[in-house]
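**Q** Here is my input; please provide its structure:
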Amino acid sequence: MWHFRLWDVQAVFLSITLYMCHIAKAISINSPQRSLTRSVQEDVFFSVEVTCNEIPTIQWTFMSAAVSRTIGTWQPGVYTNITVDYSSRVQPYENGSMGLSDLRLQDAGFYVVTVTEVAGNSKDAGFVLKVNEVLYEDLQYLSVTALLLACLAGLLMLAMWLLDKAYRKIVAWRHRKQMPENDATELQPL
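**A** A predicted model of the protein is given here:
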């Protein structure tokens, strides 16, 4: 019997906590992954799930050691305002997520999503994006090309050697063919 009373107390406490969060109009930003690594020219998806009681205003900001700039601001279903620098590469989503396409090395840095309610309550969440330059493809292409050229050079040298051998045999055969043949051998007395 005591076990059920303890469970009832926990359930009441949980209900009161949820109700307090509802009254406080708490904003929640959930994200499965906050540190992302992509290569140049790939796409990245900053996945978030924003929950709040009102229609939020979502703002994404980019920060690095050299610069800090706003990417865009939108209210789901109301308006979308993406800056000119990102207008062709950013895809905003209703749940607060953002897609960024055709990554560049300059896109590496810290991304902050700020969710603000009409009442003025706000909450931030940060993401770290690392952008790798793809150098190994260039080296791989160069090494494969060099290997193919070396094989081609080897085949050409083998063909030249075989043709030289064939040429020498044909010349020797023609030379032998042009020599007069003496079928009759005369023996002279001694």
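
**Q** In its sheet, which strands sit next to the strand ranked longest in the chain, and in what direction?
**A** For the chain, the strand with the greatest residue count under DSSP state E is strand 122-132. When pairs are called by DSSP bridges, strand 122-132 turns out to pair with strand 35-39 (parallel), strand 109-116 (antiparallel).

**Q** hey, which of those strands is tucked in deepest?
**A** strand 109-116 (a mean of 19; mean count of other Cβ atoms under 10 Å). Every residue, glycine included, has its C-beta placed from N, CA and C.

**Q** can you pull out the helices in this structure?
**A** 2-23, 136-178 (DSSP state H).

**Q** weakest of the ones you listed by average pLDDT?
**A** Looking over the helices of the chain, mean pLDDT reaches its minimum on helix 2-23, with a mean of 54.

**Q** ok, residues contacting the longest strand of the chain?
**A** 27-29, 31, 34-40, 44, 46, 48, 103-105, 107-116 (Cβ atoms under 8 Å, 6 or more residues apart in numbering).

**Q** what does stretch 59-69 give?
**A** Stretch 59-69 has contacts (Cβ under 8 Å, 6+ apart) with 46, 70-73, 83, 85, 90, 98, 106-114, 116.

**Q** Buried by neighbour count: which residues of the longest strand of the chain qualify?
**A** Residues of strand 122-132 classed as buried: 123, 125, 127, 129, 131 (neighbour count, 16 or more other Cβ atoms under 10 Å).

**Q** pLDDT of it, averaged?
**A** 93.

**Q** Kindly report the same for stretch 86-101.
**A** So the average pLDDT for stretch 86-101 ends up being 93.

**Q** which of the residues in that stretch are buried?
**A** 86, 89-90, 92-93, 96-98, 100.

**Q** What of stretch 72-88?
**A** Within stretch 72-88, judged by 16+ other Cβ under 10 Å, the buried ones are 72-76, 82, 86.

**Q** Tell me the one among the residues you listed nearest to residue 179.
**A** Nearest to residue 179 out of those is residue 86 (Cβ to Cβ; 87.7 Å).

**Q** The closest one contacts residue 71, doesn't it?
**A** Yes: with contact defined as Cβ atoms under 8 Å, residue 86 reaches residue 71; the gap is 5.0 Å.

**Q** overlap in contacts of those two?
**A** With Cβ under 8 Å, 6+ apart as the test, residue 86 and residue 71 reach no residue in common.
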